[in-house]
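Engineer: what follows is a predicted structure for the sequence shown.
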Amino acid sequence: MNKKNVRTKKPLSPVIIVIYVFLALLAVLYLAPLLWMLSVSLKDNPDLMAAPFALPAALHWNNYQEAWELGRLGAALFNSVFVCGVTLIVSLFFGAMAAFAIARMRWKLSEATQTFFLIGMMVPVHCILIPLFVRFAHLGLTNSRFGLMLPYITFSLPMTIFLMTGFFKSIPAELFESAAIDGCGIYRCFFEIALPLARTGFFVSGLMTFINNWNELLLAMVFISDPARKTLPVTLTYFVGPYATNYVQMFAAIIIAIAPTVVVYCLFSNQIVEGLTTGAVKG
């Protein structure tokens, strides 16, 4: 009789055990605040004041309905989706074109142009907030979604160009040379070769652009004064009053506000990890 080969599992090394323990603690560190906010959003205010870290005695799902209605989260959600969606599309499209020109087209000012855009990553928004507001007020761009999207796009382009340049440089030059020999123009090389091969870079830069603009508060608070055009982060401040704060409704509104970013990350987590790994190896 032939004896079956029995595969014995190797015991985990101490280093691997330490890494697993560290990752488990890190997961708890990140998940604990989210779970606590979810628990608070399902309580009532007396229950919260009596035991802030205990599980809710009864589930008050009406907190979400009241937060949605009293905070006008429907209009704020539409404004955030519209502003962030347009910003995402415009910044990815023009950022990818600029990155392709820097990475793959031969011209004298390519390095200087890349440096110019990288400088934009070093300029904090607080430094230009007042002159930007004064200029926009003269142009009539305050209190409008378009006026809010302009600085969003401006501050999103440098990061998009920086990330996409690395991905375009990682594509073998022989592909573009073969396409050029076959009569493929620059636009076909960009849309049919570069963009499909750099789709992981799109996921990474797109997610960073979406989350940064979705959570942005300062510009939206300064440039928008009409409550009907406020975005979600600004609307959340309405739940904090000068004399009293409805904490359970505020936490319910926060859960509603962060839910889209959590869903987007869960849907595209594999592509994001692949894109970061590709950038780390080839960049």
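Structural biologist: Looks like it arrived, so ask away. Numbers count the residues shown, from 1 in each chain.

Engineer: roughly how far apart are Lys43 and Pro260?
Structural biologist: Distance, Lys43 to Pro260, using Cβ to Cβ, to the nearest Å: 24 Å. For glycine as for every other residue, the C-beta is placed from the backbone atoms N, C-alpha and C.

Engineer: compare those two and say which is more crowded by neighbours.
Structural biologist: Lys43 (25 against 17; other Cβ atoms under 10 Å).

Engineer: doesn't that one belong to a helix?
Structural biologist: No. Judged by DSSP: H, G, I helix; E, B strand; the rest coil, Lys43 forms no part of a helix; its state is coil.

Engineer: now do the contacts for it.
Structural biologist: The contact partners of Lys43, taken as Cβ atoms under 8 Å, 6 or more residues apart in numbering, are 56-57, 60, 248.

Engineer: most neighbours among those residues, please name it.
Structural biologist: Val248 leads the contacts of Lys43 on contacts (other Cβ under 10 Å) with 25 neighbours.

Engineer: element containing that residue?
Structural biologist: Here Val248 is covered by helix 247-267, with elements defined by DSSP states H and E.

Engineer: thinking again about what came up before, lowest-confidence one in the contacts of Lys43?
Structural biologist: In terms of pLDDT, the weakest of these is Ala57, which scores 83.

Engineer: nearest residue to it in space, please, no chain neighbours.
Structural biologist: The shortest distance from Ala57 to any non-neighbouring residue, by Cβ to Cβ, 6 or more residues apart in numbering, is to Asp47 (5.7 Å).

Engineer: before we move on, what about Ala76?
Structural biologist: Thr235 (4.0 Å).

Engineer: I'd guessed that neighbour sits against Leu70; true?
Structural biologist: No. Using Cβ atoms under 8 Å, Thr235 makes no contact with Leu70, being 10.4 Å away.

Engineer: looking at these two, which is more packed in?
Structural biologist: Just comparing Thr235 and Leu70: by other Cβ under 10 Å the higher neighbour count belongs to Thr235, 22 against 13.

Engineer: spit out the contact partners of that one.
Structural biologist: Thr235 makes contact with 71-73, 76, 253, according to Cβ under 8 Å, 6+ apart.

Engineer: now Thr113
Structural biologist: Counted by Cβ under 8 Å, 6+ apart, Thr113 has contacts 98, 101-102.

Engineer: could you list the alpha-carbon positions for stretch 63-81 in CSV?
Structural biologist: Coordinates of each C-alpha in stretch 63-81 appear next as CSV, following Å, rounded to 0.1, in the frame of the first residue of the first chain:
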residue,chain,number,x,y,z
ASN,A,63,-32.2,58.9,15.0
TYR,A,64,-31.2,58.5,11.4
GLN,A,65,-34.6,59.6,10.1
GLU,A,66,-34.5,62.7,12.4
ALA,A,67,-30.9,63.5,11.5
TRP,A,68,-31.8,63.2,7.8
GLU,A,69,-34.8,65.5,8.0
LEU,A,70,-33.6,68.1,10.6
GLY,A,71,-30.1,68.4,9.1
ARG,A,72,-31.4,68.4,5.5
LEU,A,73,-28.9,65.8,4.6
GLY,A,74,-30.6,64.9,1.4
ALA,A,75,-29.6,68.3,-0.2
ALA,A,76,-26.2,68.2,1.4
LEU,A,77,-25.6,64.7,0.1
PHE,A,78,-26.5,65.7,-3.4
ASN,A,79,-24.2,68.7,-3.3
SER,A,80,-21.3,66.6,-2.0
VAL,A,81,-21.9,63.9,-4.7
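
Engineer: buried sites along that stretch?
Structural biologist: Across stretch 63-81, burial judged by 16 or more other Cβ atoms under 10 Å covers 63-64, 67-68, 71, 73, 75-77, 79-80.

Engineer: show me how far that stretch is from its chain's centre.
Structural biologist: 20 Å (Cα atoms, centre = their mean, to the nearest Å).
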